[in-house]
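Asker: here you go, sequence then predicted model.
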Number of protein chains: 2
Amino acid sequence: MSVRPEHASALSHDELKTRLHTMGREAREASRIMAAAGPAAKANALETLALLLQERREEILAANAEDLAAARDAGLDAPRLDRLTLTDNTLKEMAEACRFVASLPDPVGAMDSQWQRPNGLLVGRMRIPLGVVGMIYEARPNVTVDASILCLKAGNAVLLRGGSEALRSNLALGRLLGESLAKAGLPAAAVQLIDVTDRAAVGILCKMDEFVDVLIPRGGESLVRAVTAQATMPVLKHFMGVCHAFVDEGADLSQALDIVFNSKVQRPGVCNALECLLVHRAEADGFLPMVGEKLGRAGVEFRACPVSLPLLGEKAVPLSKDDLGREFHDLILAVRVVNDLDEALTHIARYGSHHTEVICTRDHVRAMRFLREADASMVGVNASTRFNDGGQLGLGAEIGISTSKLHAYGPMGVRELTTTKFVVFGQGQVRV
Amino acid sequence: MSVRPEHASALSHDELKTRLHTMGREAREASRIMAAAGPAAKANALETLALLLQERREEILAANAEDLAAARDAGLDAPRLDRLTLTDNTLKEMAEACRFVASLPDPVGAMDSQWQRPNGLLVGRMRIPLGVVGMIYEARPNVTVDASILCLKAGNAVLLRGGSEALRSNLALGRLLGESLAKAGLPAAAVQLIDVTDRAAVGILCKMDEFVDVLIPRGGESLVRAVTAQATMPVLKHFMGVCHAFVDEGADLSQALDIVFNSKVQRPGVCNALECLLVHRAEADGFLPMVGEKLGRAGVEFRACPVSLPLLGEKAVPLSKDDLGREFHDLILAVRVVNDLDEALTHIARYGSHHTEVICTRDHVRAMRFLREADASMVGVNASTRFNDGGQLGLGAEIGISTSKLHAYGPMGVRELTTTKFVVFGQGQVRV
């Protein structure tokens, strides 16, 4: 990683632009070398990084402590301080992620499929890197490593624009990334950290389509919307997760209860947590008191439709219109009783955010209809919403979850950081 | 297809917007029905359309004759008149395309791959439609049918905005599309023709991200750039084709000559035609006089580097800087002698447009390096550049050739009008 040491708050807009364009040009050049790099060099860099994350943990934790002290002085709230914090354990997990990504098959150069044409041409789709990836993210220093190692494995160069609160931590991690690349004979410019804390840097980056093939914003909705509105290159974006579970007539209610509990309670602040429970009318009387009891005991508050309100116990308040299609990010659950699968699917089409939808059912036909018709990046039968995650689905690490359909829909892992080109093996064929 | 009969030149901007938003809303609703439609209904609509294109050809040709008369009065040039013209033969080809697309396997609902997780979850990627496609194209009425049948097969709804010169032809084709959908029990709003000739319609369509999942502009570079600059949804775009052929040291020169001739001469006005020939220094003396003779006889003019200039005969003039990275769309070929494969690859990285690049070689190592390192949507060995085409590569009909890497890179057929979602089959799993 090439880190530019001078801080840049004193730069004029033109100077800032020149500086970012230089980084972009170097990233573009590095991306050509990365695309041609063999699997061994990339795995070598990842394994070196895993070692350095352990050997040099004092250095990283010291930088992180400085970030944390400054953030406390600036009055950051507890959840944001939590996301900023690195520990021995998070560094260990980062090192494990490096080793895991190193162990994945190298996607680049693989032929997805090949077929022969009547004229003897052998045609195939070869997997190739995207080129230069721009990551724009908030105060989570672990994204610096996650994004870098996935981009590196996929043969891309990456420009990283992290949150200013995490700058010292990111610079420390960046040094290790740079050393790892150099040791493997790979170009330092393949991973570059934009250390300019000026917000104008994001606006400039969004217009650098000459140097950046795709932008990936990772953070709150306002960040994602701002990047999408400004960007002149494709954006892989992750909006809200308004996830539903539908408990069908005849479902195994005890299993459904475990699924609903896990989906809502295990980690309520994340995008694949349950926000709205839909229950078939035939099961309402039997199921909702169980939900009221078990989730209520865990501190869940219910926003309940008129039918479910009397069945959920004392933690239930009437549902308002604003509670539908909403990400609570908290121990709050909207609950609605529906007449049938059709009404559930219509509700999901109207209020869902194309993130995660699950059905609890024992009926095969309705299970398959739900899988086919619910429009979300992950649709599940008899499983928690919390499985919509790259690691849980078996993709390895992820760089975000796409809720728009172009290029990637769902968790984006190494494969989603590549594309395919057509390769044609001929013996002199011409078109007639 | 639902065609709105009143012409709309008298509409205010707000009325126009309301009207397009209504069409968008109806397309969104129709897309839900199309996504759930089975293969038989879609194939049925396509086969009915094939029949109608034959039975009702008088009606279409009469409408096309009116368009042509108006275009002649308006002084359209010969190539544009040519693109606007429908004949018995083009209608026959359209009908064949319908039958061919009907015969392709239905992509929707197919599971691309499936794997089991250690906790017993069965995870798969299910192929699904993109949703609503917006096509913006110029005066080629055949695109109305090509785009509609591909979108229909892929389970999408489509909003079509064709050129105003082709409006009568498009309306006539639209009637047949509407009848075919209705006969198959599919919603008419799945294919809607925007008959508003006002240019403001394109600007409004570009902002309708609530209703349109992807825009596909098909036409000249200025149209593509205007749509890309304005669109708030992803755009699948097809820019220039600046295609190169590199004739390597030791290539089969007679075969290379056929490939270069076919690539340049067979149809010089299209995007996969050859624009620049790169020749290894060791073959220049032997190969370039053959090129000068054979292509010169076919009327090709050469823009030649200093080394190639004396070898190409009297049709050669000196190469200027502007001749590199340029789409001539004509019987003109830039020619440059290079020292080796590296110099050829560097030239292509600098001047290529990520469309089509080919190498003529007998050396296996250099062939594989070229395939891997030339960055284009199709890279070929010992084959004409003219093969970068959906039909030629075996994808069936195509809706355009993408030269940007996100989602699709190369010819876009039925598969590229779909995406995948994750589907999860559980037996009560929760996340621990």
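Answerer: Structure's in. What do you need? Residues are numbered from 1 along each chain as shown, chains lettered A, B, ... in the order given.
Asker: for the regular element (helix or strand) spanning residue A:426, buried residues please.
Answerer: Per DSSP states H and E, residue A:426 falls inside strand A:418-429. Within strand A:418-429, the residues that count as buried by 16 or more other CB atoms under 10 Å in any protein chain shown are A:418-426, A:428-429. For every residue, glycine as well, the C-beta is placed using N, CA and C.
Asker: the helix or strand hosting residue A:349 near chain B at all?
Answerer: For residue A:349, the element it lies in under DSSP H and E is helix A:341-351. Yes: using CB under 8 Å from any CB of the partner chain, we find that helix A:341-351 touches chain B at residue A:349.
Asker: who does that helix touch, helix- and strand-wise?
Answerer: On a contact count with 3 or more CB pairs under 8 Å, 6 or more residues apart in numbering or on different chains; DSSP states H and E, helix A:341-351 meets strand A:243-247, strand A:274-280, strand A:332-338, helix A:364-373.
Asker: again, only this time at 7 Å
Answerer: Counting by 3 or more CB pairs under 7 Å, 6 or more residues apart in numbering or on different chains; DSSP states H and E, the packing neighbours recorded for helix A:341-351 are strand A:274-280, strand A:332-338, helix A:364-373.
Asker: who in the stretch 1-150 of chain A is up against chain B?
Answerer: Residues of the stretch 1-150 of chain A lying close to chain B (CB under 7 Å from any CB of the partner chain) are A:32, A:36, A:109, A:115, A:117, A:121, A:123, A:130-131.
Asker: narrow those to those in helices?
Answerer: A:32, A:36 (DSSP state H).
Asker: got a winner among the residues of the stretch 1-150 of chain A next to chain B for most neighbours?
Answerer: Most neighbours among those, by other CB atoms under 10 Å in any protein chain shown: residue A:130, with 26 neighbours.
Asker: ok so, going back, which of the helices and strands packed on helix A:341-351 sits most buried?
Answerer: strand A:274-280 (a mean of 27; mean count of other CB atoms under 10 Å in any protein chain shown).
Asker: in its sheet, what does that one sit against?
Answerer: Here strand A:274-280 is paired, per DSSP bridges, with strand A:243-247 (parallel), strand A:332-338 (parallel).
Asker: which ones are touching the residue of the stretch 201-350 of chain A at minimum distance from chain B?
Answerer: Per CB to the nearest CB, residue A:262 is where the stretch 201-350 of chain A lies closest to chain B, at 3.5 Å. By CB atoms under 7 Å, 6 or more residues apart in numbering or on different chains, residue A:262 lies in contact with A:384, A:386, B:430-431.
Asker: phi first, then psi, for it.
Answerer: With angles defined as degrees, to the nearest 10, residue A:262 sits at phi -60, psi -40.
Asker: most neighbours among the contacts of residue A:262, which one?
Answerer: Most surrounded of the contacts of residue A:262: other CB under 10 Å gives residue A:384, at 31 neighbours.
Asker: just checking, that residue touches residue B:431?
Answerer: Yes: using CB atoms under 7 Å, residue A:384 is in contact with residue B:431, at 5.2 Å.
Asker: circling back: redo the contacts of residue A:262 as TSV? Include distance to residue A:242 and secondary structure.
Answerer: Conversion of these to TSV gives the following (distance: CB to CB, whole Å; DSSP: H, G, I helix; E, B strand; the rest coil):
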residue	distance to residue A:242	secondary structure
A:384	16	coil
A:386	15	helix
B:430	20	coil
B:431	19	coil
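Asker: widest-spaced pair of those?
Answerer: Greatest spacing in those, by CB to CB: A:386 and B:430 (7.4 Å).
Asker: hmm, back to that, what subset of the buried residues of strand A:418-429 is also close to chain B?
Answerer: Within the buried residues of strand A:418-429, those near chain B by CB under 7 Å from any CB are A:419-426, A:428-429.
Asker: which member of these is positioned nearest chain B?
Answerer: Nearest member of these to chain B, counting by CB to the nearest CB, is residue A:426, at 2.9 Å.
Asker: just give the nearest non-adjacent residue to that closest one, would you?
Answerer: Closest residue to residue A:426 apart from its sequence neighbours, by CB to CB, 6 or more residues apart in numbering or on different chains: residue B:383 at 2.9 Å.
Asker: the one you found against residue A:431, yeah?
Answerer: No: counting by CB under 7 Å, residue B:383 does not reach residue A:431; the two are 9.0 Å apart.
Asker: quick revisit: now the helices and strands packed on helix A:341-351 in TSV, with distance to residue A:353 and mean pLDDT?
Answerer: Putting those into TSV (distance: least, CB to CB, whole Å; pLDDT from 0 to 100) gives the following:
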stretch	distance to residue A:353	mean pLDDT
strand A:274-280	9	98
strand A:332-338	13	98
helix A:364-373	16	96
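Asker: show me what the host helix or strand of residue A:168 is packed against.
Answerer: Assigned by DSSP H and E, residue A:168 falls within helix A:167-183. Under the contact criterion of 3+ CB pairs under 7 Å, 6+ apart, helix A:167-183 touches strand A:2-3, helix A:39-55, helix A:57-73, helix A:141-153, strand A:191-193.
Asker: picking up where we left off before, how far out from the middle of the chain is the following helix or strand past the helix holding residue A:349?
Answerer: Downstream of helix A:341-351, the first helix or strand assigned by DSSP H and E is strand A:356-360. Here strand A:356-360 is found 20 Å from its chain centre; the criterion is CA atoms, centre = their mean, to the nearest Å.
Asker: next one: stretch A:186-199
Answerer: So, by CA atoms, centre = their mean, the centroid of stretch A:186-199 is 21 Å from its chain's centroid.
Asker: what is the end-to-end distance of it?
Answerer: Start-to-end span of stretch A:186-199 (CA to CA, to the nearest Å) is 30 Å.
Asker: pLDDT averaged over it - what is it?
Answerer: Average pLDDT, stretch A:186-199: 92.
Asker: repeat for stretch A:302-310
Answerer: Averaged across stretch A:302-310, pLDDT comes to 98.
Asker: with just CA atoms, put that stretch into PDB.
Answerer: Listed next in PDB are the C-alpha coordinates belonging to stretch A:302-310 (Å, rounded to 0.1, in the frame of the first residue of the first chain):
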ATOM      1  CA  PHE A 302     -44.200  -5.400  19.200                       C
ATOM      2  CA  ARG A 303     -46.000  -3.100  16.800                       C
ATOM      3  CA  ALA A 304     -49.000  -5.200  16.200                       C
ATOM      4  CA  CYS A 305     -51.900  -5.200  13.700                       C
ATOM      5  CA  PRO A 306     -55.400  -5.200  15.200                       C
ATOM      6  CA  VAL A 307     -55.700  -9.000  15.000                       C
ATOM      7  CA  SER A 308     -52.300  -9.700  16.600                       C
ATOM      8  CA  LEU A 309     -52.500  -7.000  19.200                       C
ATOM      9  CA  PRO A 310     -54.500  -8.900  21.800                       C
END
